[in-house]
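Student: The sequence and its predicted three-dimensional model are supplied below.
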Amino acid sequence: MLTSRVTIHPAFTIAPVPPRLFGSFVEHMGRCVYGGIYEPGHAEADIDGIRLDVVKLVRELGVSVVRYPGGNFVSGYQWEDGVGPNDQRPTRLDLAWRSRETNQFGLNEFMAWTRLAGVEPMMAVNLGTRGIADACNLLEYTNHPAGSYYSDLRASHGVAEPHNIKLWCLGNEMDGPWQLGHKTAEEYGRLAAETARAMRQVDPTIELVACGSSNDRMPTFGSWEATVLDHTYDDVDYLSLHAYYMQGDGDLGTYLASGFAMDTFIEGVVATADYVRAKRRSTKQMKLSFDEWNLWDESRFVGQQNLEWAQAPRLIEETYTAQDAVVFASLLMSLLRHADRVTIACLAQLVNVIAPIRTEPGSNGWRQSIFYPFALTARHARGNVLATHQDAPTYATDFGDVPLTDVVASHEPGTGEVVVFAVSRSQDEPIALDIDLRSFGELRIVEHLRMGGTALLDVNTEDRPDQVVPLQGGDAVLRDRHLQATLPPVSWSLFRLTPTPTI
Ligand code: AHR
């Protein structure tokens with residue numbers, strides 16, 4: 001049998017697990033808001049229309065931060081439309097998704113929802129059709145205590161205390177020609193820097209994210225990051241990355257290597273940010289916000305121009321397979337591996353739209369296959385992410401030669417718990433995994449969960465919501481302080497180990 005050998009050591013840490021790595025994204029798109037998190041009249045909705053069954057699933061998912069309100073939507077959004085008395089809110093045309101936006105759900109509803117869901121808000125400002133003044137007005141509305149036009153307006157809307165939103169995105173995907181108010185890197189860099197400075201005058205405690213490229217296939221990828229950071233390096237805290245992976249017409253082997261592609265993407269952006277840092281002789285290290293990531297076959301989207309001005313239409317409601325859950329898990333592992341630089345990440349999106357949670361009007365929500373690797377990683381990756389040294393066989397993909405296995409581990413120094421996440425990209429034969437844990441002392445295996453391996457195309461549906469769930473157990477053993485297990489083809493495994501109590 002092919003064997004992968006891995007060594008980890010508690011002293012070789014990458015970084016503490018960033019709590020904000022387990023973020024998600026709620027956009028006014030399709031049925032993410034309307035019919036997703038918000039459905040007045042639903043049996044499980046509270047008096048404000050918030051679906052409490054969905055809130056419960058969001059809590060179970062372990063989401064820490066939620067980006068809002070877009071996405072492409074934000075580049076045409078007028079936030080004032082979504083505050084104040086509901087019967088006075090206008091219905092507008094959302095040009096990004098060619099939909100009708102009723103504005104019945106807006107900023108204050110979102111903030112009420114974040115409190116129920118126990119998540120931190122991450123707000124985006126419109127730098128497409130709007131600019132500095134509107135960004136400052138919005139920030140004054142959300143964060144200024146009282147005694148000014150917008151803070152008093154908030155109070156008149158029944159919200160006396162400021163929301164104190166810390167995290168702000170300076171626009172969305174401004175490099176994309178599809179974006180309303182699309183800009184060159186020079187234009188966006190200047191606007192982002194000036195907006196950042198003005199917003200910090202309203203509230204100096206905020207954290208700001210500048211737009212990186214929409215993905216690493218953009219023709220301007222690399223030069224966009226360098227130019228934007230030339231303008232914004234001293235004024236922002238994070239640079240964003242977005243990426244969606246899917247097999248599409250490609251081969252399975254390359255799809256299974258998506259985590260490797262994500263590693264390469266992140267490392268390219270780190271290199272570019274550090275290049276700008278070196279030029280500026282700056283002591284500041286730019287952090288990264290991977291604030292849109294998931295699996296999405298964008299080629300199947302009918303195209304914005306073919307949509308029908310409907311209200312909350314069904315858009316990109318992908319159904320994920322067991323195989324997708326394995327690839328998805330490997331993306332999370334890539335994010336963890338880069339925890340020294342990627343300290344915010346948002347799974348796009350949260351409900352219905354390319355989402356781990358699905359709903360139908362009037363009935364219960366259900367968990368897609370990808371729900372489980374997210375929830376389990378958010379729950380169990382604790383303490384420090386550890387560097388792994390892996391000696392594994394490789395195979396050929398469109399991304400080059402890629403290891404057949406991938407392993408990431410976390411270690412909680414307080415409890416001594418070690419958690420190992422392992423993916424096998426092998427398509428037809430199992431792989432023997434051997435992890436040298438001698439530096440941790442005596443451990444015992446307390447849990448071994450896995451997904452994939454068989455029934456790779458199974459999915460969860462409303463009628464059969466538990467077709468794809470993590471399975472307990474496997475053949476994992478500890479031998480001479482080595483964790484040894486067989487990884488089934490196309491599988492993800494989670495091993496939890498704790499120190500053996502001394503008598
Ligand atoms: O998440 C769906 C869309 O993908 C977002 O609106 C946009 O930012 C990205 O292109």
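Tutor: Received it, and whenever you're ready, just let me know what you need.

Student: Point out the residues in the stretch 151-300 of the chain that sit beside the ligand.
Tutor: Contact residues (Cβ under 6 Å from any ligand atom) of the stretch 151-300 of the chain with the ligand: 172, 173, 214, 292. Heads up, the C-betas are built off the backbone N, CA and C, glycines and all.

Student: Let me know how buried residue 12 is, in neighbour terms.
Tutor: Neighbour count of residue 12, defined by other Cβ atoms under 10 Å: 14.

Student: Could you tell me how far it is located from residue 212?
Tutor: 29 Å (Cβ to Cβ, to the nearest Å).

Student: now residue 231
Tutor: The gap separating residue 231 from residue 212 is 13 Å, by Cβ to Cβ.

Student: Can you give me the end-to-end span of stretch 14-21?
Tutor: Stretch 14-21 has an end-to-end distance of 14 Å (Cα to Cα, to the nearest Å).

Student: contacting residues around it?
Tutor: Stretch 14-21 has contacts (Cβ atoms under 8 Å, 6 or more residues apart in numbering) with 64-65, 120, 335-340, 342-345, 381-387, 410.

Student: Next: stretch 150-158.
Tutor: The contact list for stretch 150-158, computed with Cβ under 8 Å, 6+ apart, reads 83, 84, 108, 137, 138, 140, 141, 142, 144, 145, 146, 162.

Student: Could you tell me the phi and psi values at the fifth one?
Tutor: It stands for residue 138. Main-chain torsions, residue 138, degrees, to the nearest 10: phi -60, psi -40.

Student: which residue packs closest to it, ignoring adjacent ones?
Tutor: residue 79 (5.2 Å; Cβ to Cβ, 6 or more residues apart in numbering).

Student: And the residue of the protein closest to the ligand?
Tutor: Closest contact between the chain and the ligand, by Cβ to the nearest ligand atom, is at residue 71 (2.9 Å).

Student: Quick check: next helix or strand after the longest helix seen in the chain?
Tutor: Scanning the chain for the helix with the most residues, using DSSP state H, yields helix 258-280. Next in sequence after helix 258-280, counting helices and strands by DSSP states H and E, comes strand 287-295.

Student: could you give the mean pLDDT of that next one?
Tutor: Averaging pLDDT along strand 287-295 gives 98.

Student: Could you name the helices and strands sitting against the helix or strand just after that strand?
Tutor: For strand 287-295, the following helix or strand on the C-terminal side (DSSP H and E) is helix 322-337. Contact here means 3 or more Cβ pairs under 8 Å, 6 or more residues apart in numbering; DSSP states H and E; on that basis helix 322-337 packs against helix 252-256, helix 258-280, strand 287-295, helix 371-380, strand 405-411, strand 418-424, strand 443-452, strand 491-499.

Student: Low-confidence stretches in the stretch 151-300 of the chain?
Tutor: For the stretch 151-300 of the chain, no stretch has pLDDT under 70.

Student: Now do the helices in the stretch 101-250 of the chain.
Tutor: Under the criterion DSSP state H, counting those that start in this stretch, the stretch 101-250 of the chain contains helices at 107-117, 132-143, 149-156, 185-202, 223-232.

Student: looking at these, which is buried most?
Tutor: Most buried of the helices of the stretch 101-250 of the chain, by mean neighbour count (mean count of other Cβ atoms under 10 Å): helix 223-232, with a mean of 22.

Student: Buried ones only from the contacts of stretch 14-21, please, as a ChimeraX command.
Tutor: Listed next is the ChimeraX selection for buried residues among the contacts of stretch 14-21, using 16 or more other Cβ atoms under 10 Å:
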select :64,65,120,335,336,337,338,339,340,342,343,344,345,381,382,383,384,385,386,410
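
Student: which of the contacts of stretch 14-21 come close to the ligand?
Tutor: Okay, of the contacts of stretch 14-21, nothing touches the ligand (Cβ under 6 Å from any ligand atom).

Student: Remind me what the longest helix of the chain packs against, helices and strands.
Tutor: Right, helix 258-280 is packed against helix 223-232, strand 238-245, strand 287-295, helix 322-337 by 3+ Cβ pairs under 8 Å, 6+ apart.

Student: In TSV: those, plus distance to residue 253.
Tutor: TSV is the format used below for the helices and strands packed on helix 258-280 (distance: least, Cβ to Cβ, whole Å):
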stretch	distance to residue 253
helix 223-232	29
strand 238-245	13
strand 287-295	16
helix 322-337	11
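
Student: can you tell which of the ones you listed is closest to residue 398?
Tutor: Checking these against residue 398 by Cβ to Cβ gives strand 238-245 as the closest, at 11.8 Å.

Student: Pull up the pairing partners for that closest one, direction included.
Tutor: If you go by DSSP bridges, strand 238-245 pairs up with strand 207-210 (parallel), strand 287-295 (parallel).

Student: how many degrees apart are that strand and helix 258-280 in direction?
Tutor: Put simply, strand 238-245 runs at 160 degrees to helix 258-280, going by axes from the mean of the first three to the mean of the last three Cα atoms, to 10 degrees.

Student: Show me how far strand 238-245 is from its chain's centre.
Tutor: Strand 238-245 has its C-alpha centroid displaced from the chain centroid by 9 Å (Cα atoms, centre = their mean, to the nearest Å).

Student: And for stretch 186-205?
Tutor: How far stretch 186-205 lies from its chain's middle: 24 Å, per Cα atoms, centre = their mean.

Student: and that stretch, C-alpha only, in CSV?
Tutor: Provided in CSV are the C-alpha atoms of stretch 186-205 (Å, rounded to 0.1, in the frame of the first residue of the first chain):
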residue,chain,number,x,y,z
GLU,A,186,-4.9,52.9,-9.6
GLU,A,187,-8.5,54.3,-9.4
TYR,A,188,-9.5,51.8,-6.7
GLY,A,189,-6.3,52.1,-4.7
ARG,A,190,-6.7,55.9,-4.5
LEU,A,191,-10.3,55.7,-3.5
ALA,A,192,-9.8,52.9,-1.0
ALA,A,193,-7.0,54.8,0.7
GLU,A,194,-9.0,58.0,0.9
THR,A,195,-12.1,56.2,2.1
ALA,A,196,-10.1,54.4,4.7
ARG,A,197,-8.6,57.6,6.1
ALA,A,198,-12.0,59.3,6.2
MET,A,199,-13.6,56.4,7.9
ARG,A,200,-10.9,56.3,10.5
GLN,A,201,-11.7,59.9,11.2
VAL,A,202,-15.2,58.8,12.1
ASP,A,203,-14.1,55.8,14.1
PRO,A,204,-10.3,55.1,14.6
THR,A,205,-11.0,51.7,16.1
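
Student: Residue 408 and residue 388 touch, don't they?
Tutor: Yes. With contact defined as Cβ atoms under 8 Å, residue 408 counts as touching residue 388 (6.4 Å).

Student: The two: which is more packed in?
Tutor: Higher neighbour count among residue 408 and residue 388: residue 408, with 29 against 21, using other Cβ under 10 Å.

Student: List the beta-bridge partners for that one.
Tutor: residue 421.

Student: how about it, what does it touch?
Tutor: With contact set as Cβ under 8 Å, 6+ apart, residue 408 has these partners: 333, 336, 337, 385, 386, 388, 420, 421.

Student: end to end, how far does stretch 432-449 reach?
Tutor: Using Cα to Cα, one end of stretch 432-449 lies 16 Å from the other.

Student: Quick one: distance of it to the chain centre.
Tutor: The mean C-alpha position of stretch 432-449 is separated from the chain mean by 29 Å, Cα atoms, centre = their mean.

Student: domains for this protein, by residue range?
Tutor: Per automatic domain parsing, the domain ranges recorded for the chain read 2-10+384-499, 18-368.
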